[in-house]
Every structure is written in structure tokens, then in C-alpha cells.
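Engineer: Pasting the sequence and the predicted coordinates here, then a few questions.
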There are 2 protein chains.
Amino acid sequence: MSEAIAKQAHLASTTLKTLSDKERSLALYKIKEGLEAAKDEILAANRKDMELAEANHLSSSLIKRLDLSKNGKYDSMCEGVLDVSNLEDPLNKITLQTELDDGLTLTRLTCPVGVLLIIFESRPEVIANITALAIKSGNAAILKGGKESLNTFQAMANVINSTLDTETKVPKNAIQLVSTRGEVGDLLNQDRYIDLVIPRGSNELVRNIKENTKIPVLGHADGICSIYVDKDADLEKAKRILVDSKTNYPAGCNAVESVLVHQQLVDNGSCHEILAAFKDAGVTLHLSQELYKEDKDTVLATETDFSKEFLSLDVAVKTVQSVEEAISHINSHSSKHTDCIVTENKTVADKFLAGIDSAGVYWNCSTRFADGFRYGFGTEVGISTNKIHARGPVGLEGLVCYYYQLRGNGHVAADYKGAGGTQVFKHKRLI
Amino acid sequence: MSEAIAKQAHLASTTLKTLSDKERSLALYKIKEGLEAAKDEILAANRKDMELAEANHLSSSLIKRLDLSKNGKYDSMCEGVLDVSNLEDPLNKITLQTELDDGLTLTRLTCPVGVLLIIFESRPEVIANITALAIKSGNAAILKGGKESLNTFQAMANVINSTLDTETKVPKNAIQLVSTRGEVGDLLNQDRYIDLVIPRGSNELVRNIKENTKIPVLGHADGICSIYVDKDADLEKAKRILVDSKTNYPAGCNAVESVLVHQQLVDNGSCHEILAAFKDAGVTLHLSQELYKEDKDTVLATETDFSKEFLSLDVAVKTVQSVEEAISHINSHSSKHTDCIVTENKTVADKFLAGIDSAGVYWNCSTRFADGFRYGFGTEVGISTNKIHARGPVGLEGLVCYYYQLRGNGHVAADYKGAGGTQVFKHKRLI
């Protein structure tokens, strides 16, 4: 069953990769029209999910997330598909061209990765968003969304599949929905057909997937972001950035979890102001031994607090003696997501920017900017803390790779030096 | 022990990534000098490996590969280090720059992957080559070479480490040699510190590594390359390309293993000439049922022969009815390494170039060109059949990734639309 799904996706991907940008973008336009036309039936399925969620006493914040009917969410979901179709084509871009010899030209072009397996949360609009990103980038996708939105997902997948089938050149199997965790487990074994797994969701989900597949996994388990407040920091900027990074959306993976304060700021009283700003914003401070004083909203930090994703209004704070100590602490404790320095000293900032080993390294701005929309990618399929392929917010460019074309005229290796002949390569760079 | 090695490598990588191109290149120059100065002692170690190999009755071709003393191999190994140091710096290239808003600028720069674990064969000169690639690209590397060259590797690693330690800014732990398979097994668990595994060697070795690690693996298990001879092929070109692709170096991963011939070439006798050319070159033909006639140097192909890496003077041949059938066969049987079409028809060639899902797709030239040196990369660390990060011959560019710098002036997310505020991003593309 899972093998059949994966094989079908692979087959669809080999057709999809040959379609023009116009054909892929037109398919998205048709999907947008299809979703608009099926609004009533999809919202009816959505109501079913909401009723089930209420019957199961799920949290009100989850129920609110499930609801597609309010605040123009449905229409902006449809517009989102169109937004992606209008993005620049990420495929067939020439990134290198070299004349190896007369009449023998090497060209490197961007191409889709192939087949994506995307596991995501219960937000119903995400299926439209991911479908758009996959088709625009020429990738087939197998989708598994959170079970709380299953009825909505199925109604939307039906519309997407029948639209693709009847009105576009994209094979309908380019987008397939699976509905159980068991199917995902089996799909993780299909490394012959599936090229990339993108899990969005809990730390535990992502770890579990990484443990159970040979397929490359793109994403992040933890978002442990740090901010280092240097001795040359502007105190007002520091307070603004720290409070925003912690409180703007504490459950976000780009929220700050650890703060390192230069010792001089303790000595001159600035650190006290920083801690007060946090407390005023309702943040519980986990303070290391040297900062700790018994006080409300303050706890003594444990060593593990500095490798912890709180996802709440909690933050761990400690002192460091230098930017070097801050860099070394962050490189050994952070999850390589996004880390920031607050300082007015450009030399120190440059040292931090070059020394930190994370997908995003910031100077004097909130870690909350780590987001595909804010970066200008239109949207994102997730945020990667991997060290290869794609790092940080992953938009269309993260869903492509490249291949080499070599065009000759009967050229053979044996004519060249090193393979038996005497001819020498020209290696003339064209692009 | 393995954890200590991996941790040391990680620590070294955080320093190495901050060094300038000049500092990294100078380190390579010093290594070259060190290797030249230690020629006698390294060749003495090399003689020990050769004597052991002879005592163990290893094959003469292996013993020949072990020998560093002949044909100027030692000097060209040293020159090779210098060649890499003279390549263009792959780091800190700006690949994107966007003004998100006034004073808030996003920059994407290339950076090292981090820590590489490279497992390679018994060719002693490879350690110099890989050391050069790693340092030039700012990556720390843990190296494990074939055990037959162990004495040579150890002598060379000693020179490299002491040169790094005393004469360069590169930390000596940036290059570490391990000597047993057991150590490699343990290192494969160090996914916290090691970012990429690059195995070079047998199919079995690569598969075994992929099964036993969560660290991304870059490389290829199989090189199953195919050539499709179209009905509009130039027969002379076809014969030249086929014979070169098969016989120039049959043990190479870029040698052709499967040949698909258009039915019309059987009907007009061209296929017969192609098969004769193969036979003249000493190739054993594994012919599918429709081509098979009992004959010397000819066997009836089994179905698995079309998914097989012979690595010998054997080739599987079958007929197809169209370029579409050829594409579909290759996409489901090849190992996504390098595949080629021979035709004079540009429309058909373009269809093939766009439709094949492999790292290299060739038109009218030998598959043997799939090689980092031939592509003009100076050298290669291996050839990748992965679908993400790097495909085909992997040179310096395949050893880098990227990160984002964001430079602001106290900017916070809460001021912007979507995060609580009213401000709109400018997203002005600068680069």
C-alpha cells in the first residue's frame, strides 16, 4: 500500500519535473478556483472536524486553529495559492556553465528534489500552502496532516486531485493525502521512491522520524535561540529585542530561550534593568547561580535550562566574560536555529556573526524575524536546522536541487589526458 | 573515545570557519612543504605497507595502487595540495541580499558544512587530497582510510597535524585520522558533532553506513549508468561513445552498465554493428530475449542485469520502442548517477535531458566524463547520487552550505503586520 503510494508519487514526479512554469502555475490557478468553488463543501467538512474536536474536549486554542470559516481565513488560503504561483520559477535556472572542450559544454541547472513526504500539524490551510509550494517547485508530495483536521483535509484533497486530473497537466498523484500514522511509518521505509521528509510538529515527532528513516529529513526538532547582550549594547535596544524575542509568540521556534549577559552589565546595573523588563512582561527568569536572588518570578536555573526549548514565558539567563565565551556557549548549547548579538561595537558584532554556527545569526534585531514570509520568500515549508542542503526558513529554493547536463558531439574520455589520450580540457567558464 | 574525537573536530571547526581564505590557503602551502620535507619518512612507511601487502598476497593491482614512490606520484600528490589551495574560495560568497525594511538587511552567505567524516579506500595520496579540500572549504574532517595503507596514512597524518599545530592558524584537530572500523562504527553515532559522512568505497560499505547512522550521507552506492541509442543516432558516434563508456575504465562508477537501443536500429541492422563493436572491444553482452542469439561472448540477460553494476567488461542490452520508454526505463532502473542519449535529433535530446532524473544527463558524449577533474572542479571528494545538497561530482562547492545574517538597529517583530503591528516589509532585493 505504502509502496504503491510512493511509487505513484515517484512516477508523477517524473512527469511534473518536465512541465513548464506556465503549466505548473496554471495548475495552481485552477486549484485556487476549485477550492473557491468547493467552499461550502469544504467548510461543511471543517464543521465536522470542529464538532468532533469539541466533543473530544480539545483545547479552545486548537479548536480556533481548526476553524477555516472565520476572519476571511478561507479566502486568504485561496489567495495564498495564487501568491505562490506568482513567485519566480525556481526550476531550470543555470547556475554554472563551462566549456570543457570545443563542442563539449557542461551546464548545471536547478531541478526539483523529486518526491516529498510532508507531515504537518492540524491547521487546515497548510495543505493548500504546501500543495502550492510542491507543485510550483515541480515536486510530488505525499501529505499527512494532523488527525484533528482529517475531514477538512480529505475534502480539500478531493478537490485538489480532481482539479489536477481534469484541468491541468499535473498528474493527480503528484499530491496524495495519507491519513494514518501507520501509513507514515511504512512510507518512511520507501527510500527508493521518497527523496525528502519534511516533518513539522513537535520535537518528539521530528526525533521519532529521524530515528526511523534512511530518507533525508529537513526540519528542526528544537528551536533553542540565544541572545548575547554585549558590554557595548544599547540598553534600550537590548530590552526591546529581548522582550520581543521572548513574548511576541513564546510557542514559536524562533522565540529566545537563553540570554547571555556580559559581566560588565551586571556590575554597572544594566543587567538589573534587563531582568526587570523581562519581569514586567510577565517572563519567569531562570537565573544562573551568580545572578540568582530569591524573588518572585525568578527561579534558580539548572544546567539543562540552557539547552531547553521552553516554548513558554520562561527564559534562562547567565553571565559571560566575553564575546568569545558567548560564541563558545552558543555553539555548544544552541540548536543552530537563530542566535543574536546586541551591541553597538561592529568589530564584536562581526566576530559573533562569523563565529556562530547557526542557520540565522542576527545583530541588533529580534530572533522572531526567522520566518519565510518575513525573509521575503512568500511562504515557507518549514525551518531547517540541518547543516546541509537548506538552512533556516525553507521556501521554494529549499525544495530544489540541481543536475548537470553535458552536451557533446561524440566526445569520448579516452582522447583526454588522464584517461589514455593527450587532449587537454579547456575548462572555459561561460556562466 | 569517539565522542572525544567528534567533539574535538567540532571545536576545531568553529575556529576553522572563522579563518580567512589566505589563512586556509597558507595552511595548505605549509602542508605541502611539510609533506615534501618528510618524503623519506613517509615513503619508508609506505614501503612497510607494501611489504605487508605482499606478505598477505594482496592483488598486484592493489599493491600498485599502494605504491607512492613510482612515476612521480609523491610529487604530484604534493602539487595537488597546492592546486586546491589556489582554487577560488568557496566561503563567504553572498548568494542573496534583501533589505527587509529600512536598516534591516538580510544576507545569505556560503559557509562550511562543519565536521565531515570521510571514509576512503587504500590509495595513500587521497588523504592529502581530502585534507586539502576540507581545509580549503573550512571543514574539519575525521578520516578513515583503507587499512592496507595504514602506515602511510599515519606517517602523513603526523606530518599534517604537526604542521597545522606549529605553522598555521588551523587547529590541529581539524584533521584527525582514525584507524579501525570499530571507531567508525562509534563515530556514526556522533550526530551531535558530525554533520556529513562521505563514504568512498564498495557498494556494501556505503549501504552499511547508510543503514547505521542518522548523519546525512553523501555519496553513491551504485553507479548504474545507461546509454539510450535513439533511432536518429549517428552510428559512428554511438559506437565510439558506447565502447569508451564501457571499456575506458570498467571498474569506474561512471562506466556504462545498461544500453537501450531503439527498435528501428535492430530492424535496419545498426544494432548488429553496435553489438559487434562491443564484442570487438572484448565486452560480454547480456542481451534481452528479443536480441539474444546463441553466440560466444553473449549471454541471455536476466531481469536483474538491468539494475546491476557489473564493474567489468559486461553490459546489458535491450530494445525500446521510443525515447519515452527509454526515459521511463532509466528512471526506474538507474542509480541516478549519469545517463546518456545518442541522437542527432535535438527535440528528442531535449526531451531526454529534461526527463531523466539523474545527477548527470548527457547528450552525445561518454558517461566517463562524470568526474570532478573533468568537470573543471580541480578535484572531487566523491560522486553523489543523492537528491539533496550536492549531486554528481562533489568538489569544494559541495562541501559548503549557507547561513543567514540579519543586521538591524533594534528592530522587533511586534512592529510588523502579522505579528501585532502595522509596519509592512519592503523586501527590496539587493543581490
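Structural biologist: Sure thing, it's come through.
Engineer: is the biggest strand by length in chain A anywhere near chain B?
Structural biologist: The longest strand of chain A (DSSP state E) is strand A:400-411. Yes - contact between strand A:400-411 and chain B, assessed by C-beta under 8 Å from any C-beta of the partner chain, occurs at A:401-411. All C-beta atoms are positioned from the backbone trio N, CA, C, and that covers glycine.
Engineer: Does chain B have contacts with stretch A:224-234?
Structural biologist: Yes - legend: contact between stretch A:224-234 and chain B by C-beta under 8 Å from any C-beta is shown at A:Asp234.
Engineer: and that stretch, how far from the chain's centre?
Structural biologist: Its chain's C-alpha centre and that of stretch A:224-234 lie 25 Å apart, by C-alpha atoms, centre = their mean, to the nearest Å.
Engineer: now swap in stretch A:218-233 and tell me
Structural biologist: Its chain's C-alpha centre lies 17 Å from the corresponding centre of stretch A:218-233 when counted by C-alpha atoms, centre = their mean.
Engineer: that older thread, hey, C-alpha coordinates of the longest strand of chain A in PDB?
Structural biologist: Only the C-alpha atoms of strand A:400-411 are listed here, as PDB (Å, rounded to 0.1, in the frame of the first residue of the first chain):
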ATOM      1  CA  VAL A 400      15.100  22.300  -5.500                       C
ATOM      2  CA  CYS A 401      18.500  20.800  -6.100                       C
ATOM      3  CA  TYR A 402      20.500  20.700  -9.400                       C
ATOM      4  CA  TYR A 403      21.700  18.300 -12.100                       C
ATOM      5  CA  TYR A 404      24.400  18.500 -14.800                       C
ATOM      6  CA  GLN A 405      23.700  18.400 -18.500                       C
ATOM      7  CA  LEU A 406      26.700  17.600 -20.700                       C
ATOM      8  CA  ARG A 407      26.200  18.200 -24.400                       C
ATOM      9  CA  GLY A 408      28.900  16.800 -26.800                       C
ATOM     10  CA  ASN A 409      29.300  15.700 -30.300                       C
ATOM     11  CA  GLY A 410      30.700  12.200 -30.000                       C
ATOM     12  CA  HIS A 411      33.300  13.100 -27.400                       C
END
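Engineer: So which elements touch it?
Structural biologist: strand A:94-101, strand A:104-112, helix B:235-247, strand B:360-365 (3 or more C-beta pairs under 8 Å, 6 or more residues apart in numbering or on different chains; DSSP states H and E).
Engineer: any chance of the ones you listed in TSV, plus mean pLDDT?
Structural biologist: Listed next are those as TSV, based on pLDDT from 0 to 100:
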stretch	mean pLDDT
strand A:94-101	98
strand A:104-112	98
helix B:235-247	98
strand B:360-365	98
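Engineer: Pick the most deeply packed of the ones you listed.
Structural biologist: Each of those was scored by mean neighbour count; the highest is strand B:360-365, a mean of 26, by mean count of other C-beta atoms under 10 Å in any protein chain shown.
Engineer: Give the pairing partners of that strand; include direction for each.
Structural biologist: Partners of strand B:360-365 in the sheet, by DSSP bridges, are strand A:400-411 (parallel), strand B:338-342 (parallel).
Engineer: got JSON lines for the ones you listed, with mean neighbour count and mean pLDDT too?
Structural biologist: Listed next are the strands paired with strand B:360-365 as JSON lines, based on neighbours: other C-beta atoms under 10 Å in any protein chain shown; pLDDT from 0 to 100:
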{"stretch": "strand A:400-411", "mean neighbour count": "21", "mean pLDDT": "98"}
{"stretch": "strand B:338-342", "mean neighbour count": "31", "mean pLDDT": "98"}
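Engineer: how about the strands in the stretch 251-400 of chain A?
Structural biologist: A:256-262, A:284-287, A:298-300, A:314-320, A:338-342, A:360-365, A:382-384, A:392-394, A:400-411 (DSSP state E, counting those that start in this stretch).
Engineer: Of these, give the one that comes closest to B:Ser366.
Structural biologist: Proximity to B:Ser366, assessed across the strands of the stretch 251-400 of chain A by C-beta to C-beta, is greatest for strand A:400-411 (6.6 Å).
Engineer: and the closest one with helix B:235-247, angle?
Structural biologist: 120 degrees (axes from the mean of the first three to the mean of the last three C-alpha atoms, to 10 degrees).
Engineer: angle of strand A:400-411 against strand A:94-101?
Structural biologist: Between strand A:400-411 and strand A:94-101, the angle comes out at 20 degrees (the same axes, to 10 degrees).
Engineer: residues from the stretch 101-250 of chain A in reach of chain B?
Structural biologist: Residues of the stretch 101-250 of chain A lying near chain B (C-beta under 8 Å from any C-beta): A:104, A:106, A:113-114, A:195-196, A:210-211, A:214, A:216, A:218, A:234, A:236-237, A:240-241, A:243-245, A:248-249.
Engineer: how is chain A carved up into domains?
Structural biologist: Structural domains annotated on chain A: A:2-219+A:386-403, A:225-371, as defined by automatic domain parsing.
Engineer: distance between stretch A:65-79 and the chain's centre?
Structural biologist: 22 Å.
Engineer: Are it and chain B in contact anywhere?
Structural biologist: No - taking C-beta under 8 Å from any C-beta as the criterion, stretch A:65-79 and chain B are apart, separated by no less than 11.3 Å.
Engineer: who touches that stretch?
Structural biologist: For stretch A:65-79, contacts defined as C-beta atoms under 8 Å, 6 or more residues apart in numbering or on different chains pick out A:32, A:35-36, A:39, A:42-43, A:46-47, A:49-50, A:53, A:122-125, A:128-129, A:148-149, A:152.
Engineer: Which of those fall within helices?
Structural biologist: A:32, A:35-36, A:39, A:42-43, A:46-47, A:49-50, A:53, A:125, A:128-129, A:152 (DSSP state H).
Engineer: Count the neighbours of A:Leu143 for me.
Structural biologist: Applying other C-beta atoms under 10 Å in any protein chain shown, we find 23 residues neighbouring A:Leu143.
Engineer: any idea how far chain B is from it?
Structural biologist: Separation of A:Leu143 from chain B (C-beta to the nearest C-beta, to the nearest Å): 19 Å.
Engineer: what about that residue, which helix or strand?
Structural biologist: According to DSSP states H and E, A:Leu143 maps onto strand A:140-144.
Engineer: That strand relative to strand A:104-112, how many degrees between them?
Structural biologist: Using the same axes, to 10 degrees: strand A:140-144 against strand A:104-112 is 20 degrees.
Engineer: Skipping its backbone neighbours, what lies nearest whichever residue of the stretch 251-400 of chain A sits closest to chain B in space?
Structural biologist: Proximity to chain B, evaluated over the stretch 251-400 of chain A using C-beta to the nearest C-beta, is greatest for A:Cys365 at 2.9 Å. Spatial nearest neighbour of A:Cys365, chain neighbours left out: B:Gly408 (2.9 Å); criterion: C-beta to C-beta, 6 or more residues apart in numbering or on different chains.
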